[in-house]
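>>> turn this into a structure:
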Amino acid sequence: MAESGHGSGDETAADPVAWHNHDIPQRQLENVQLTKEEAEALPVSREDSFISVEIKSKKKDMQENEISQPGEDVEKLKVAEPQGGTDSGFHESTKSAIKNEKTLGPPPTSHKKRKPGKKGIFFSYSPDAAYLEKKFVVETVRQLKENNLAEDIWFDKDEKNIDAPTWFTQRLEAVEKCRAAILILSDSYFQSTMSLFEGKVLLERTVSLSKPPQLFLVLYSPTDIPPQYAPFLDGIVDLTSGRIAKSSLAEKSSMVVGSLSIYLEKLSTAMVPALPPLVAETEFTGQYKKTKLCQWTVNDVQEWLAGMKVREFFCQAFAENGIDGFLLMALTEQDMVSYLSIESRIVRKKILSEMVQILDNEQKMRDGWHLRVRLKRPRVDTVYLVYDPADVRLAQNMKADLLKKNIQVDTHDKLGQSKEEFLQINAPRIAGCKNILVLLTEAAATSPFVFNEVVFAEWLNRTIVTALFKNMWCKLRPAMKAILGENPAIDFETKMYADSMDVLEHQVRPLRKVSGIVLEQAYLNRMAEGLKPLQVLAAPQSGQIMWPLTEYLEPKVFISYQWDTQARVDDIRNMLESSGVTCWADISPVTRGHSSMSSRNAALMSRPETSGEPITSQIQRNMRACSVVICCITPKYIQSDNCSKDLTLAETLYKPIIPLMLRFLPWPPEGAPTAVRKILAKLSTVDLSTEKLFKQNFYQVLERVKKHLQPAKS
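Residues are numbered from 1 along each chain as shown. The predicted model follows:
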């Protein structure tokens, strides 16, 4: 078995760093001495050109003069050139480097080679940002690198990993190690899963480390900044007010660089300027056809446009705006009209359709397996077990118990030789399961296998549940806290194993009916008590909760419903929140009974409240805070206490109400109490009663919700 093979003590397979640790030791590299013939045979490159001025000369006095006075006359440095060959590539590259010395700046005064991967200033932005925001990000990074920070800025575009299966993982690993971070705040930043996790990781590190990272906030567009960022707002660079709001992107980038450079230079370990750009190619080579779209250069985009016979005037607009593959993928048709002046609708459609075709082809390529896996539809009532190989026996027992409950279980197959291979082997298994169960033990808390599977499952947007066998919250790395903290967890450490297994079964496959109202309510109470967010379940023992639960944030939408439609309500809530609309719904089944006789009242005294706030108070507080109320119409809902109380409270608070018909009913609905019928009769519904209508009409829900949010933003 793969598990037993790993457990034999193969440290290389268990260490994520060792997966890629094939570099020659630095001490060996520094002792290498080059002969004249070896030096002349070196390939010419931009890096060779720059570093060549640092190669040791046989004459120590000339070497010291070269380092201490990098701007000396070129003639004085000719003695450092290799003797014998006038056509040597090494000879020419050295002269080229000296000639451009003033442009490149002085070479580093130390001969110690920098280890790769030590870039300590992380650039955090939303990968889902629009074209203009991404262009601002690119321009700001460019200017920072020109200000001697080229070897300090970590920007995923320049690391050439945005198309990699481990892109999500690499960004989180970089943000865990950085000494400082620049955060580009906007609505998109707080709506993107990736940037939200980055922010949580950074904030957690600022309170848990003796030497926390320094955070530099840049407010790109008006947005509501969470209160957790309050300690860092004093030095925020605000680009949304005054004359700067009307400035060009280049001017805004210059303002950011000017405001932050004095602080960033103190954090720099290299102070190396960016290398000057290569001379633009004048001939088209077709090389772009072998390169991923996201890695295209500006010249590649020009060649691609020329191949489609796009008019030169339009091509020039792309070139002047520096549109490479990264920015091309962010362009919309409206962007091409507004910022590139592409007035021809035919040209715009052609560019977009060709780009979609290229992305589809890349998805079919061998290294596009992660994109294909993401489209895989998960099987219901299935669980993928995430565990460290050291816990293989525990995983086997858990698998056997779940199979007895007719729940299908899958686990990782092989470990592979690298994290990329590990994910490629096991990704289809993860994608095929709707639920991901993380067995949290002492070994799992620091396991690279658990970390990579959890991050990939989150990228796939799967439901993640933690089985807490040992409280290792304090040992979890910040990225794991950010991902697992707000996801549900089940206590296997202090609770009876059989009771916890019942809670797990209910989470994976909720029972649709429990005979008897009293038995039903008692069962639901027990299920709700056994399922809590991991940070609520584990963090109180460590005395720290790093991030407030989503339900405690002020919502824009209050969702009123009956528990028999909870699955569809979860879909509605997720779709609204993915569009940037925060929601509140009492998602616990304790207070949403099946029958019309079951209501909140039966559970008010018995429900465990992690926040200490009664459920009635939570309902009233969130109803007052929201901008609009959505009620999910079903036959059971209109006869329930939930319906009467929620709609009456909404009417009292003058909250706009949007009825969503999840089960078809004549309108206004028959059988509803007079007060409810009177409220609903004057409202128009959105029919979501079938799967087809749900997909077809949900945009109407979003439009109506956003219409009510507009006055609140003004």
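
>>> most centrally placed residue in this structure?
residue 194 (1.2 Å; Cα atoms, centre = their mean).

>>> thinking that residue is in contact with residue 170, fair?
No: judged on Cβ atoms under 8 Å, residue 194 makes no contact with residue 170 at a distance of 11.2 Å. The way it works is simple: take the backbone N, C-alpha and C, and place the C-beta from them, glycine included.

>>> buried sites along the longest helix seen in the chain?
If you go by DSSP state H, the chain has its longest helix at helix 691-713. Buried residues in helix 691-713, defined by neighbour count with 16 or more other Cβ atoms under 10 Å: 694, 697-698, 701, 704-706, 708-709.

>>> next, format those residues as TSV and append distance to residue 119.
Listed next are the buried residues of helix 691-713 as TSV, based on distance: Cβ to Cβ, whole Å:
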residue	distance to residue 119
694	45
697	48
698	42
701	44
704	46
705	41
706	39
708	45
709	40
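
>>> hmm, which two among these are most spread apart?
694 and 709 (21.7 Å; Cβ to Cβ).

>>> can you count the residues close to the closest residue to residue 472 other than its chain neighbours?
What sits nearest to residue 472 in space, not counting adjacent residues and going by Cβ to Cβ, 6 or more residues apart in numbering, is residue 445, at 3.7 Å. For residue 445, the count of nearby residues is 19 (other Cβ atoms under 10 Å).

>>> for residue 445, give me its contacts.
Applying Cβ atoms under 8 Å, 6 or more residues apart in numbering to residue 445 gives the contacts 472, 475-476, 480.

>>> and the strands in the stretch 201-350 of the chain?
For the stretch 201-350 of the chain, the strands defined by DSSP state E, counting those that start in this stretch cover 214-219, 237-238.

>>> which of the ones you listed sits most buried?
strand 214-219 (a mean of 20; mean count of other Cβ atoms under 10 Å).

>>> what are the pairing partners of that strand, and which direction each?
strand 180-185 (parallel), strand 237-238 (parallel) (DSSP bridges).

>>> tell me which of the ones you listed approaches residue 318 most closely.
strand 180-185 (23.7 Å).

>>> now residue 250, nearest residue through space, not along the chain?
According to Cβ to Cβ, 6+ apart, the nearest residue to residue 250 is residue 139 (6.0 Å).

>>> contact partners for that neighbour?
Residue 139 touches 249-250, 253, counting by Cβ under 8 Å, 6+ apart.

>>> list phi and psi for residue 559.
phi -110, psi 120 (degrees, to the nearest 10).

>>> who are the neighbours in contact with the closest residue to residue 259 other than its chain neighbours?
Excluding the flanking residues, the one nearest residue 259 by Cβ to Cβ, 6+ apart is residue 237, at 4.9 Å. Counting by Cβ under 8 Å, 6+ apart, residue 237 touches 216-219, 255-256, 259-260.

>>> tell me where the model's unsure across this structure.
Along the chain, segments meeting pLDDT under 70 span 1-117, 271-282, 511-521, 539-554, 587-617, 710-714.

>>> I'd like the distance between the residue lying closest to residue 286 once chain neighbours are set aside and residue 324.
The spatial neighbour of residue 286 that comes closest, neighbours along the chain excluded (Cβ to Cβ, 6+ apart), is residue 303 at 7.3 Å. Between residue 303 and residue 324 the distance is 12 Å, computed by Cβ to Cβ, to the nearest Å.

>>> which ones are touching the closest residue to residue 191 other than its chain neighbours?
Closest residue to residue 191 apart from its sequence neighbours, by Cβ to Cβ, 6+ apart: residue 580 at 4.4 Å. By Cβ under 8 Å, 6+ apart, residue 580 lies in contact with 187, 190-191.

>>> tell me which helix or strand residue 580 sits in.
Taking DSSP states H and E as the definition, residue 580 sits outside all helices and strands.

>>> quickly note the distance from the residue nearest to residue 472 to residue 251.
Taking Cβ to Cβ, one finds residue 445 at 47 Å from residue 251.

>>> go on, residue 321?
From residue 321 over to residue 251 (counting by Cβ to Cβ), the distance is 16 Å.

>>> in the stretch 51-200 of the chain, which spans are helices?
60-68, 74-77, 89-99, 101-104, 131-146, 167-177, 193-208 (DSSP state H, counting those that start in this stretch).

>>> and for the stretch 451-600 of the chain?
Using DSSP H, counting those that start in this stretch, helices in the stretch 451-600 of the chain cover 478-484, 497-508, 517-529, 534-542, 566-578.

>>> closest to residue 634 out of those?
Here helix 566-578 is closest among these (Cβ to Cβ), at 9.3 Å.

>>> grab the CA positions of the closest one and hand them over as CSV.
Provided in CSV are the C-alpha atoms of helix 566-578 (Å, rounded to 0.1, in the frame of the first residue of the first chain):
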residue,chain,number,x,y,z
GLN,A,566,-32.4,24.5,3.1
ALA,A,567,-30.4,23.0,0.3
ARG,A,568,-31.9,25.5,-2.2
VAL,A,569,-31.5,28.3,0.3
ASP,A,570,-27.8,27.5,0.5
ASP,A,571,-27.5,27.7,-3.3
ILE,A,572,-29.2,31.1,-3.3
ARG,A,573,-27.0,32.4,-0.5
ASN,A,574,-23.8,31.2,-2.2
MET,A,575,-24.7,32.7,-5.5
LEU,A,576,-25.6,36.1,-3.9
GLU,A,577,-22.4,36.1,-1.9
SER,A,578,-20.3,35.2,-4.9
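
>>> from the chain's centre, how far out does that helix sit?
20 Å (Cα atoms, centre = their mean, to the nearest Å).

>>> quick one: buried residues of that helix?
Quick answer for helix 566-578 (16+ other Cβ under 10 Å): 566, 568-569, 572-573, 576-577.

>>> relative orientation of that helix and helix 691-713 in degrees?
50 degrees (axes from the mean of the first three to the mean of the last three Cα atoms, to 10 degrees).

>>> what sits closest to residue 296 if chain neighbours are left out?
Distances taken as Cβ to Cβ, 6+ apart put residue 325 closest to residue 296, at 3.1 Å, once the chain neighbours are dropped.

>>> wait, the one you found touches residue 298, no?
No: the pair residue 325 / residue 298 is not scored as a contact, 9.1 Å apart, by Cβ under 8 Å.

>>> more crowded one of these two?
Neighbour comparison, residue 325 and residue 298: the larger count goes to residue 325, with 23 against 19 (by other Cβ under 10 Å).

>>> how close does that one sit to residue 474?
Taking Cβ to Cβ, one finds residue 325 at 42 Å from residue 474.

>>> ok so, going back, can you give me the distance of the residue nearest to residue 250 to residue 327?
Distance from residue 139 to residue 327, by Cβ to Cβ: 10 Å.
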